[in-house]
Structures are given as C-alpha cells and as structure tokens.
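Student: Following is a predicted model, sequence given first.
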Amino acid sequence: MCYNVCMAEEINHSQETSIDHSIESLAAEKARRRTVALLAIIAVLIIAGIIVGAIFLLSPGNKDATSQIRDVFIIFMALETLVVGAALVILIVQLAVLTNLLQNEVKPILDSTSEAVNTLKGTVRFVSDNLTEPVIKLNEKLAMGKRFIDLLKPRK
C-alpha cells in the first residue's frame, strides 16, 4: 500500500518537474525571440540612420553643417577612445587580480590536495601490504586445508 502511494507521489512529482521544465523552456524561448526581434529593429534603425546621414552630408548646400557634424563626430570618437582605454585598464587590473588569486589561493589548495592524495596512496599501500595480503593468503591456506581434508574424507 505504502509502495503504491509512494510511487504515485513520485510520479506526480516527476510530472510536475517536467511541466515546470516545459514552462521554463517556453519562457526562455519567448525571451530569446524578443531579444532577436529587438536586435533586428536596432540594426534596421542604425542602417536607416547611416543612409539618412549620408544623404544629408552629401547634399550640396550643407558644407558648414558637414564640417560641424565632422567635428562633433571626432569629439565623440575621442570620448569613445577614452572609454575603451578605461575599460582596457579595468580589464588589465581584473586580470592581475585573477592571476594573484590563482597564485596565492588556488595553487595552495591544489598543493594540499595533491599532498592528501599522496598520503592516501601511502595509506592504501600500507593497508594492502600489511592487512589485505596476509588475510587473503590466510584464506587461501585455509581453503587449501579444507579442500585437502575434503579429499581425504571417504565418499558416501
């Protein structure tokens, strides 16, 4: 009775789990589709902006506007270079911190783990040589003696 109830509860739990996974996968798929659609819209807007800007800059009456836009664009490029430079400095600092972490924290953990494994190997070898092999040899000799005695007994 308890077995059937337990099995029914386990089946219900597995069905609930599979339904939860299905709902999660549908939600993830929906979020992925939204992200792809948003990226496509942004790409179309950027391309349209480039086309409109090119048409505006190539028109014959906009020489002053073109030079002003060029100057603003150069300023934005300089600011972007500063931002990228700052990001690279932060990345280099984070890489140095990671390297320090690996050398000062992870390496000692690996060394102590290696030492523990080597100690365990020695312990296993000691137990094997001093306990397991003698017990196996004793069992072997007892089995030989029993078989020898069984051979000497008369058959019925």
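Tutor: Here it is on my side, so go on.
Student: Show me where the protein has its helices.
Tutor: Using DSSP state H, the helices of the chain run over 2-58, 63-101, 107-127, 133-152.
Student: Switch those helices over to JSON lines; also include mean pLDDT and mean neighbour count.
Tutor: Where C-beta positions appear, they are placed from N, C-alpha and C, glycine not excepted. Output for the helices of the chain, formatted as JSON lines (pLDDT from 0 to 100; neighbours: other C-beta atoms under 10 Å):
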{"stretch": "helix 2-58", "mean pLDDT": "77", "mean neighbour count": "10"}
{"stretch": "helix 63-101", "mean pLDDT": "89", "mean neighbour count": "10"}
{"stretch": "helix 107-127", "mean pLDDT": "89", "mean neighbour count": "10"}
{"stretch": "helix 133-152", "mean pLDDT": "91", "mean neighbour count": "10"}
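Student: Let me know how buried Asp129 is, in neighbour terms.
Tutor: 10 (other C-beta atoms under 10 Å).
Student: Return the per-residue confidence for it.
Tutor: Looking at Asp129, its pLDDT reads 87.
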